[in-house]
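S.K.: Show me the folded form of this:
(2 chains)
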Amino acid sequence: NAGVTQTPKFRILKIGQSMTLQCTQDMNHNYMYWYRQDPGMGLKLIYYSVGAGITDKGEVPNGYNVSRSTTEDFPLRLELAAPSQTSVYFCASSYRLAGGGADTQYFGPGTRLTVL
Amino acid sequence: GQNIDQPTEMTATEGAIVQINCTYQTSGFNGLFWYQQHAGEAPTFLSYNVLDGLEEKGRFSSFLSRSKGYSYLLLKELQMKDSASYLCAVRGGGYQKVTFGTGTKLQVIP
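M.R.: This next block holds a predicted model:
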């Protein structure tokens, strides 16, 4: 199993450009998440999904969009990049526990994005 | 909402024991996780507590007191490779997601 994979690993964008960060998991996890981590800070939840076709906002969704057309894939879209979106982006996935809660999260290696 | 507090930085000596504390306030507690994150890498799972008490996994142990909103991660026989950030994360109301603290950066010195 590859686990959670993310592409690209690094990217530099100009202000106003758009891009999609890719995330794929091969563990058949129901739940998937996108976080951003600014230097010296914790993880902030951007969006999450509890299954194909279902997504919801996290703490910091402004400037981002997501879709979940399959169990495996959960891409994150930046429409108009801004310097404030310079960060490291982590995708994660987890099993759905019997009571509906999220189990341990498995993280991808991250995408380091710089907006200039 | 949820609020999680951890010390920002700690330093400890190789071979020693260190305790990293985490206090939290949440609506509807449903589990607490500890993750380890080395610089430039993704977080990896260390431990999970949902009931009061101590969970031991080798050199790492985690304790939870739900009534006090308090947890700690105990690292024994510290090794240089334990230098990393340790993230406390709480699964609360809306339990499909967790909220992460800002992390404690641990430096192990010879």
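S.K.: CA atoms for contacts and neighbours, from now on please.
M.R.: Noted.
S.K.: so who does B:Q6 touch?
M.R.: The neighbours of B:Q6, taking CA atoms under 8 Å, 6 or more residues apart in numbering or on different chains as the test, are B:20-23, B:88, B:101-104.
S.K.: switch to 7 Å and redo it
M.R.: In this structure, B:Q6 makes contact with B:21-23, B:101, B:103-104, judged by CA atoms under 7 Å, 6 or more residues apart in numbering or on different chains.
S.K.: try A:Y35
M.R.: Applying CA under 7 Å, 6+ apart, the residues near A:Y35 are A:43-46, A:89-91.
S.K.: can you do 6 Å?
M.R.: Taking CA atoms under 6 Å, 6 or more residues apart in numbering or on different chains as the contact definition, A:Y35 lies against A:43-46, A:89-90.
S.K.: I'd assumed it was in a strand, is it?
M.R.: Yes: the assignment for A:Y35 by DSSP: H, G, I helix; E, B strand; the rest coil puts it in a strand.
S.K.: Read off the pLDDT value for the nearest residue to it once chain neighbours are set aside.
M.R.: If the residues on either side of it in the chain are set aside, A:Y35 comes closest to A:L45, at 4.5 Å by CA to CA, 6 or more residues apart in numbering or on different chains. If you check A:L45, the pLDDT there is 93.
S.K.: doesn't A:E59 make contact with A:L45?
M.R.: Yes: counting by CA atoms under 6 Å, A:E59 is a contact partner of A:L45 at 5.4 Å.
S.K.: Number of residues surrounding the nearest residue to B:G103 once chain neighbours are set aside?
M.R.: The shortest distance from B:G103 to any non-neighbouring residue, by CA to CA, 6+ apart, is to B:L87 (4.3 Å). For B:L87, the neighbour count with other CA atoms under 10 Å in any protein chain shown is 26.
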